[in-house]
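**Q** Structure here, sequence nowhere to be found:
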């Protein structure tokens, strides 16, 4: 299964050739279609994102800009040990870098 996670990491840990990011979702869902069953209480969801160090070097400046967010695509699985969703990154970008690249092309 492929997933896209958009947000800012709450934690960043480098371990050898891998960077481990933790992202947490604890806010309401965005507007949903009429009739969609909305949970009365949204649980906090933790994502542990594994990124290759080479991929990370291209986006690590996101941490310096509080307005910027990461856009992460990857495969996901449940990590029972950490009680979190694990995402193995296939593609990672910064929203601001993507915007700057589009502006440079036009």
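**A** Received the coordinates, thanks. These figures come from a predicted structure and were not determined experimentally.
**Q** Hmm, residue 53 is touching residue 15, no?
**A** No - contact criterion Cβ atoms under 8 Å: residue 53 and residue 15 do not qualify, at 9.1 Å. (Glycine included, C-beta is placed from N, CA and C.)
**Q** Pick out whichever of the two has more residues nearby.
**A** residue 53 (13 against 9; other Cβ atoms under 10 Å).
**Q** Can you name every helix or strand that whichever strand or helix holds residue 85 contacts?
**A** Using DSSP states H and E, residue 85 sits within strand 84-94. Under the contact definition 3 or more Cβ pairs under 8 Å, 6 or more residues apart in numbering; DSSP states H and E, strand 84-94 sits against strand 2-7, strand 45-52, helix 53-57, strand 70-79.
**Q** ok, it: who's next to it in the sheet?
**A** With DSSP bridges as the test, strand 84-94 is paired with strand 45-52 (parallel), strand 70-79 (antiparallel).
**Q** what is the orientation angle of the shortest one with strand 2-7?
**A** Same thing as strand 45-52. On the basis of axes from the mean of the first three to the mean of the last three Cα atoms, to 10 degrees, strand 45-52 is oriented at 100 degrees to strand 2-7.
**Q** about what we covered before: following element in sequence after the strand holding residue 85, please.
**A** Sequence order places helix 95-105 as the next helix or strand after strand 84-94, per DSSP H and E.
**Q** Same question for that following helix: list its buried residues.
**A** 95, 97 (16 or more other Cβ atoms under 10 Å).
**Q** who's in contact with it?
**A** With Cβ atoms under 8 Å, 6 or more residues apart in numbering as the test, helix 95-105 has contacts from 6, 59, 62, 65, 67, 68, 69, 70, 71.
**Q** One more pass at 10 Å, please.
**A** For helix 95-105, the surrounding residues in contact (Cβ atoms under 10 Å, 6 or more residues apart in numbering) are 6, 58-59, 61-62, 65, 67-71, 93-94.
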